[in-house]
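Asker: Show me how the following folds:
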Amino acid sequence: MLATMGLIFAIALLVVMIIKGIDMICATVITAVIILLSSQLSLSDGLLTTFSGGAGGFVTSWFLILGMGGIFGQLVLETGLATKIAKWLTQKLGAKMVGLVILICTFFITLLGINGYIMVFVLYPIADNLLRENKMDRRLLPFLMIAGGANANGFAFSMDICNVIPSNFLGTSLGVAPVLAVIFSVITCTWYVMYFNYAQKKSMGKLSEAELMAMYKTEKSVMGDDELPGLFMSLLPFILVLVAVVATSSMGTSTSLSCALLIGVLVIIVTQFKKIKNLKGSLKGGAMSGLSTMLTVAAVIGLSKVLTQAPAFHAVQEFVLNITLPIYLKTWLGTMICGAMTGSAITAETLFLESFGKQFLAAGANINALHRIVVEAGITLNKLPNASPVVMETSVCECTLAESYKHIVLGSTIPCVIAGFIITIMATVGIIF
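Answerer: Got it, this is the predicted structure:
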């Protein structure tokens, strides 16, 4: 009973700490201490071996990839590559298709492995400017950032960490079960655009133009047309990175991602050298941004290792294993439960695969279907108020959870639940492509 109450209290406290803006590393250590003490586990072993071992293992595996991803994102931001693509899409699709423009940009930037913590800094000024120009409700900005990226997190061949983790556990390629991935993204992308247009129309009906414009308290700097590179040169690094991932997929996930990101960085430096004011500073700033993300995620992974040692979590395991449901529905539900407990897609996937992966494969689960369902389920309930990406991106967009969170739920969480359930049913009846 004490262990169960301690686990519930620890997770509730973690939610409060994240919402209050307490550093994720501090928050996870405090949470781990409470779980260890209430579970009557060794505090020293729990922190120095279990927590540190989990965090250290993640750092070892992801140091180069996230460091290179940070540099790539920083160079994309400084050289205006994403700005050029967004402006070109706006010209082609029309100013009123802002939601679709930002969806396309966030989709492909996430697909190429630029972490959400970095992506928001690349695209937020562009999205804020596009909404301002069209006199739209800026309270949807966090939804634009989060939902757009979620559509690419689990897409086939996505370089995002959410799609890579199952590959590391299962030995699968990044492009497994592509049809399931496409169906999931088509459903969520369609809902995303329809919801954005609906929400903006509703806001414009309730608020005057002056009230909508009053929401923009500061001017966000976006490069002018005369400063931007050409369209082909803007697209080239992204195309080459995606081609490199596909071409080198047989070399192993880590090697493939590292090579692709290195190519992307070198191409930007060579083709956009004149636009990079301080190359040394850009490389350092990008690396630090990527490695800061790595440490934050590592702390969450460390907490997940502690969580698996708690007796109360073993009860959750038994619950998932004993649910009378087909194996893929148990996979979908079990991963979402892990995501709801931790507020992290990465932790949800890690917890599920470590706790149930071998058992489910031994029970006859298709390894490709398991990969795809775990990814899509992981990005479903990682948008709760205790999710660090939600808090961070809301903060960067200068919005509050009170005014923006409903859009995240209605525009992203709900369609992810629906799409995830549909592809899970498809796998259950044998449709796995």
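Asker: Any stretches of the stretch 1-150 of the chain with poor pLDDT?
Answerer: By pLDDT under 70, the low-scoring segments of the stretch 1-150 of the chain are 117.
Asker: Let me see the contact set for the closest residue to residue 288 other than its chain neighbours.
Answerer: Nearest residue to residue 288 in three dimensions, chain neighbours excluded: residue 70, at 7.2 Å (C-beta to C-beta, 6 or more residues apart in numbering). (Glycine included, C-beta is placed from N, CA and C.) Taking C-beta atoms under 8 Å, 6 or more residues apart in numbering as the contact definition, residue 70 lies against 115, 118, 286-293.
Asker: before we move on, which element is residue 70 in?
Answerer: Using DSSP states H and E, residue 70 falls within helix 52-79.
Asker: Buried residues in the host helix or strand of residue 193, which are they?
Answerer: For residue 193, the element it lies in under DSSP H and E is helix 178-206. Of the residues in helix 178-206, 180-181, 183-185, 187-189, 191-193, 195-196, 199-200, 203 count as buried by neighbour count, 16 or more other C-beta atoms under 10 Å.
Asker: if we can go back for a sec, got a winner among the contacts of residue 70 for most neighbours?
Answerer: Among the contacts of residue 70, residue 290 has the most neighbours (other C-beta atoms under 10 Å), with 27 neighbours.
Asker: ok, now how distant is that residue from residue 309?
Answerer: Counting by C-beta to C-beta, to the nearest Å, the gap from residue 290 to residue 309 is 30 Å.
Asker: try residue 163
Answerer: 28 Å.
Asker: which of these two has more neighbours?
Answerer: Neighbours per residue (other C-beta under 10 Å) separate residue 163 from residue 309, with residue 163 holding more: 32 against 18.
Asker: Could you check which helix or strand contains that one?
Answerer: helix 161-170.
Asker: likewise residue 368?
Answerer: Using DSSP H and E, residue 368 sits within helix 367-378.
Asker: Which of the three states applies to residue 216?
Answerer: coil (DSSP: H, G, I helix; E, B strand; the rest coil).
Asker: Hmm, residue 138 and it touching each other?
Answerer: Yes. Residue 216 lies in contact with residue 138 (C-beta atoms under 8 Å); the separation is 6.1 Å.
Asker: and the longest helix anywhere in the chain, which residues are buried?
Answerer: In the chain, taking DSSP state H as the definition, the longest helix is helix 279-309. Across helix 279-309, burial judged by 16+ other C-beta under 10 Å covers 282-283, 285-287, 289-291, 293-294, 296-309.
Asker: what does stretch 323-332 give?
Answerer: For stretch 323-332, by 16+ other C-beta under 10 Å, it's 327-332.
Asker: And for stretch 238-245?
Answerer: 238, 240-242, 244-245.
Asker: Quick one: mean pLDDT for it?
Answerer: For stretch 238-245, mean pLDDT rounds to 89.
Asker: before we move on, what about stretch 354-362?
Answerer: On average, stretch 354-362 scores 93.
Asker: returning to what we had before: joint contacts of residue 216 and residue 138?
Answerer: Common neighbours of residue 216 and residue 138, using C-beta under 8 Å, 6+ apart, are 128, 132.
Asker: Which one's more surrounded, these two?
Answerer: With neighbours defined as other C-beta under 10 Å, residue 216 and residue 138 compare such that residue 138 has more, 22 against 15.
Asker: ok, now which ones touch the residue nearest to the more buried one when sequence neighbours are not counted?
Answerer: Excluding its sequence neighbours, the residue lying closest to residue 138 (C-beta to C-beta, 6+ apart) is residue 215, at 4.8 Å. Residue 215 is in contact with 137-139, counting by C-beta under 8 Å, 6+ apart.
Asker: Among those, which are located in helices?
Answerer: Among those, no member lies in helices (by DSSP H).
Asker: To which secondary structure element type does residue 399 belong?
Answerer: coil.
Asker: That one and residue 145 touch, don't they?
Answerer: No. In this structure residue 399 lies outside contact range of residue 145 using C-beta under 8 Å: 10.3 Å.
Asker: Which of these two has more residues huddled nearby?
Answerer: Neighbour totals were compared for residue 399 and residue 145, and residue 145 leads with 29 against 20 (other C-beta under 10 Å).
Asker: Correct me if wrong: that one contacts residue 105.
Answerer: No. Between residue 145 and residue 105 there is no contact under C-beta under 8 Å: 10.2 Å.
Asker: what touches both of these two?
Answerer: With C-beta under 8 Å, 6+ apart, residue 145 and residue 105 have common neighbours residue 123.
Asker: got the contact list for stretch 88-98?
Answerer: 100-101, 104-105, 127, 130-131, 133-134, 136, 196, 231, 234.
Asker: Pick the one among those residues closest to residue 8.
Answerer: Closest to residue 8 out of those is residue 196 (35.9 Å), distances taken as C-beta to C-beta.
Asker: Since that was my last question, I'll sign off now.
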